[in-house]
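**Student:** here is my input, please return the structure:
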Amino acid sequence: MNRCTNGLLACLGDEDYPYAVPISYVYLNEKIYFHSAKAGHKVDAIMKNPKVSFSVIDEDTIVGEEYTTYFRSVIAFGKARVVEGNERLEVFKDLVEKYSGDQPEEAKYEKIIGCNETYIIAIDIEYITGKEAIEYVKSRK
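**Tutor:** Predicted structure coming up:
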């Protein structure tokens with residue numbers, strides 16, 4: 001969760017169809033956080049049913065001679081909620097820092113101050129699991 005910059009959020013969409021959307025995120029305090037517009041399909045789905053899953057693919061290397069990939073991934077299950085107060089400010093700072101690259105500090109500060117038009121959403125993780133190619137497991141032994 002800490003190494004990647006994007007993952008796939010899955011929730012229950014319109015007419016109970018699965019809805020999965022790639023998002024940028026930060027993993028902090030054993031929670032997943034992301035920002036979102038205050039209106040749209042993703043927010044509507046979360047407000048209707050907060051149960052979500054979030055997956056990240058950390059590694060996916062094609063190994064042609066074996067007709068496979070060596071992979072590493074993680075999936076978390078939990079409930080999404082809109083973040084308020086100090087938690088919101090802390091998370092927004094972390095999101096800006098993670099995705100701002102080498103931007104000047106004053107530009108980062110302006111982004112943080114002007115963040116009222118978006119939600120910060122947390123996924124409170126209830127269960128998390130991962131999977132990786134057996135070759136990665138064996139290489140650590």
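**Student:** grab the most central residue of the protein for me.
**Tutor:** Note on the chain: the residue nearest the mean C-alpha position is Tyr25, at 3.9 Å, using CA atoms, centre = their mean.
**Student:** enumerate every residue touching it.
**Tutor:** Taking CB atoms under 8 Å, 6 or more residues apart in numbering as the criterion, Tyr25 is in contact with 5-7, 32-34, 54. For the C-beta atoms, the positions are set from N, CA and C on the backbone; glycine is no exception.
**Student:** bridged to Tyr119, which residues?
**Tutor:** Ser36 (DSSP bridges).
**Student:** and it, how far is that from Glu90?
**Tutor:** 15 Å (CB to CB, to the nearest Å).
**Student:** one more: Thr5?
**Tutor:** On the measure of CB to CB, Thr5 and Glu90 end up 19 Å apart.
**Student:** tell me which residues in the longest helix that the chain contains are buried?
**Tutor:** Ordering each helix of the chain by length in residues (DSSP state H) puts helix 85-99 first. Of all the residues in helix 85-99, those buried under the rule 16 or more other CB atoms under 10 Å are 88, 91-96.
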